[in-house]
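Visitor: with the sequence up front, the predicted model follows.
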Amino acid sequence: MSFFKRIFGWMSAETNAALDSLEDPIKMTDQGIRDLKKDLDESLQGLAQVKAISIRTRKEYEQHRQAAGDWERKAVLLLQKASSGQIDAADADRLATEALSKKEQAVQAAATHEKMVNQNDGQVAKMEQNVQRLKSQISQWENEAKTLKARAKVSEASSKINKQLASIDSTSTVSMLERMKNKVEEQEALAESYGEIADSNVSIDEEINKAIGPGAGSSSLALEELKEKMKLGAGKSDSTSASATNEGQSDLDKLKEQLKDK
């Protein structure tokens, strides 16, 4: 049938690489199934029409066959009435002959309609077989189309993920991480630079306190008190001996000597 030729042609076109590059195969598949459903509707309409003709032909066949039997019974009845003297024998023969002629016509018409009924039944059976086959094929192709659509979605999603993974290089994530690393190193270097500048601005008092450690303020006070004691002690001692001993000594040397005596 024409729709089978069309589906084979469509399947051939579907495998054509040029067609695949121009149109979406999924959309083409859906359109092909819609076309098949349209052919199925037309086939169902044709099947209904052929069935209607077959039904009408069968009824006419039954009517002609019944008419043939009726004309035969009428001819028999005429002959019986002529035999019983109810009607004239010549009229009975004439009428019975006409009845038998009508019977023959009905028999011939019944035979013609019987052939038509057989032909129609054969066409109906063949069309029903083709329609059922087309229904089965459409159902199978719809299921396959659903499966292929689902596979297409999965493959598309996998392709996107793989493409994203494959595109990770120096121009994307790695590059951003390198820029972030350089930025952090610049910030760390800048912080260290500021720290060195801050250390260079420390006063001598802060440097001494830092070297002495905690309690530097109290140690400085004790040192001043110690210096005062040393001055007082130096005034009370023998001036000659002290002069000879301390002449040419700095405060630091004097402090060291004092610490040795203690």
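Guide: Nice, I can see it.
Visitor: could you list the low-pLDDT ranges of the stretch 101-250 of the chain?
Guide: Applying pLDDT under 70 to the stretch 101-250 of the chain flags residues 165-174, 198-249.
Visitor: helices along that one, start to end?
Guide: 173-200, 204-212, 216-236, 239-246 (DSSP state H, counting those that start in this stretch).
Visitor: mind listing what residue 46 touches?
Guide: Shown in contact with residue 46 (CB atoms under 8 Å, 6 or more residues apart in numbering): residue 127. Backbone N, C-alpha and C define where each C-beta goes, glycine included.
Visitor: measure residue 65 to residue 58 for me?
Guide: Distance of residue 65 to residue 58, given as CB to CB, to the nearest Å: 11 Å.
Visitor: what does residue 158 give?
Guide: Residue 158 sits 61 Å away from residue 58 when distances are taken as CB to CB.
Visitor: who's more crowded, those two?
Guide: residue 58 (17 against 10; other CB atoms under 10 Å).
Visitor: can you list contacts of stretch 49-65?
Guide: Identification of contacts with stretch 49-65 by CB under 8 Å, 6+ apart yields 106-107, 109-110, 113-114, 116-117, 120-121, 123-124, 127.
Visitor: cutoff 10 Å now
Guide: Stretch 49-65 has contacts (CB atoms under 10 Å, 6 or more residues apart in numbering) with 105-124, 126-128.
Visitor: what comes up buried for that stretch?
Guide: Buried positions in stretch 49-65, judged by neighbour count with 16 or more other CB atoms under 10 Å: 50, 51, 53, 54, 57, 58, 60, 61, 64, 65.
Visitor: just stretch 135-154 next, same as before
Guide: 138, 141.
Visitor: same question, stretch 79-87
Guide: For stretch 79-87, burial by neighbour count (16+ other CB under 10 Å) applies to 79, 81, 82.
Visitor: quick one: the first one from residue 98, how far?
Guide: For residue 79, the distance to residue 98 under the criterion CB to CB works out to 13 Å.
Visitor: rewinding a little: narrow the contacts of stretch 49-65 to just the buried residues.
Guide: Listed as buried from the contacts of stretch 49-65 are 106, 107, 109, 110, 113, 114, 116, 117, 120, 123, 124, 127; burial here means 16+ other CB under 10 Å.
Visitor: distance to residue 30 for those - can I get that in JSON lines?
Guide: What follows is the buried ones among the contacts of stretch 49-65, written out as JSON lines (distance: CB to CB, whole Å):
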{"residue": "106", "distance to residue 30": "56"}
{"residue": "107", "distance to residue 30": "57"}
{"residue": "109", "distance to residue 30": "52"}
{"residue": "110", "distance to residue 30": "52"}
{"residue": "113", "distance to residue 30": "46"}
{"residue": "114", "distance to residue 30": "47"}
{"residue": "116", "distance to residue 30": "42"}
{"residue": "117", "distance to residue 30": "42"}
{"residue": "120", "distance to residue 30": "37"}
{"residue": "123", "distance to residue 30": "32"}
{"residue": "124", "distance to residue 30": "32"}
{"residue": "127", "distance to residue 30": "27"}
